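> Sequence and predicted structure, then a few things I'm wondering about:
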Amino acid sequence: MLSIGSITLSSPLVLAPLAGYGDLPFRILCRRFGAGLCVSEMISSHGLAYGQPKTVSMLVSCSEERPVSFQLFGADPSIMGEAAAILASHEPDLIDINMGCPVKKVTKRGAGAALMNDIGLAEKIVRAVVDNSTCPVTVKLRSGPDNNNICAPDFSRMAEANGAAAVAVHGRTWKQGFSGEADWQIIETVQKGVTIPVLGNGDVQNYAEAMSRLQQHGCDGILIGRAAIGNPWVFSEDGRPENLSAVAGVVRQHLALADTHFNEPNRCLGSIKNHLGKYFKGFPGSSKVRKKIYQQPDFNSLQACLHLIS
């Protein structure tokens, strides 16, 4: 069990934000297979503050996925505070602040991992979001800008001092991006320096590894990101089935959820196909299955195609 502020999770395993993949149907599947919490894709604070329809549409949730955390990104404290207030009106269970994304289109605006170069600005952002939220606020960060500037312990203490209910630490630097190996000793150091929950993130590939990291490094929870794509079973002790038919059955669940929760699934067809293709990785003939998926011209034909796979 893991508690963050007033929220108690059924499992310490959490789906990390996944740009392009962390939509509602996928989050629901991850909850069904054991994730204690799912975090949304990054949501632009400017997009919320200016009422951009595409951004606002990312706030859709449902009772089945609760609890849920929505993640904000931005570099302007006043805009982040305004966005947090708007987000709070949608009654999420948690609000997460992204201070860890290394992608250039985010960092060039001073947001994401770029904030780790300016702890003063980061502090103002944490305070603005906390002051405008009605639910617990968490902060996602990295070990530091680069190996010569490992600042996650200081950042985590700052976050706690300004009202954050938990921190999630990716054991790589901004400069590393997703290359190299995650340094879990940094995560352990952070955990020893704060009293709020610390979630570790980086290179966890399955349930057993997650449990091992919890025991070895003393963190309170584990974020699982890329290993969950096409594999919601990563949150389950049993893991992904080796039977193609069982996998195809869950893919059909994914399609049914997309049909239910996307107003016009054909408009999301590319994203849906990207999800589905990942499920069959590693199976004999998987390339042919993926090719067949990508060839389908619309949502109905995609559903028909998946019912033929067993």
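Ah, there it is.

> Enumerate every residue touching residue 22.
15, 38-41 (CB atoms under 8 Å, 6 or more residues apart in numbering). (C-beta placed from N, C-alpha, C; glycine too.)

> Apply 10 Å and report the result again.
15-16, 30, 38-42, 58, 71, 225, 228-229 (CB atoms under 10 Å, 6 or more residues apart in numbering).

> For it, which three-state class applies?
coil (DSSP: H, G, I helix; E, B strand; the rest coil).

> wait, doesn't residue 94 sit right on residue 61?
No. Using CB atoms under 10 Å, residue 94 makes no contact with residue 61, being 11.8 Å away.

> Report the set of residues contacting both of those two.
Joint contacts of residue 94 and residue 61 (CB under 10 Å, 6+ apart) are 67-68, 70.

> ok, of the residues you listed, which one's closest to residue 188?
Proximity of these to residue 188 (CB to CB) peaks at residue 67, which lies at 26.2 Å.

> where does the nearest residue to that closest one once chain neighbours are set aside fall, phi/psi-wise?
Spatially, and ignoring its direct neighbours in sequence, residue 67 is nearest to residue 93 (3.5 Å; CB to CB, 6 or more residues apart in numbering). Dihedral angles of residue 93 (phi, psi; degrees, to the nearest 10) stand at phi -80, psi -30.

> To what extent is residue 93 buried, counted in neighbours?
Using other CB atoms under 10 Å, residue 93 has 19 other residues around it.

> again with residue 62
13.

> quick one: residue 35 and residue 91, what's the gap?
20 Å (CB to CB, to the nearest Å).

> For those two, indicate the residue with more neighbours.
Neighbours were counted for residue 35 and for residue 91 using other CB under 10 Å; residue 35 has more, 25 against 11.

> and the residue nearest to that one when sequence neighbours are not counted, how many neighbours?
Excluding the flanking residues, the one nearest residue 35 by CB to CB, 6+ apart is residue 235, at 4.4 Å. The number of residues packed near residue 235 is 27, by other CB under 10 Å.

> Dihedrals phi and psi, residue 235?
Per degrees, to the nearest 10, the backbone of residue 235 is at phi -90, psi 0.

> show me the contacts for it.
Neighbouring residues of residue 235 by CB under 10 Å, 6+ apart: 11, 13-15, 29-36, 38, 206-207, 210, 222, 224, 227-228.
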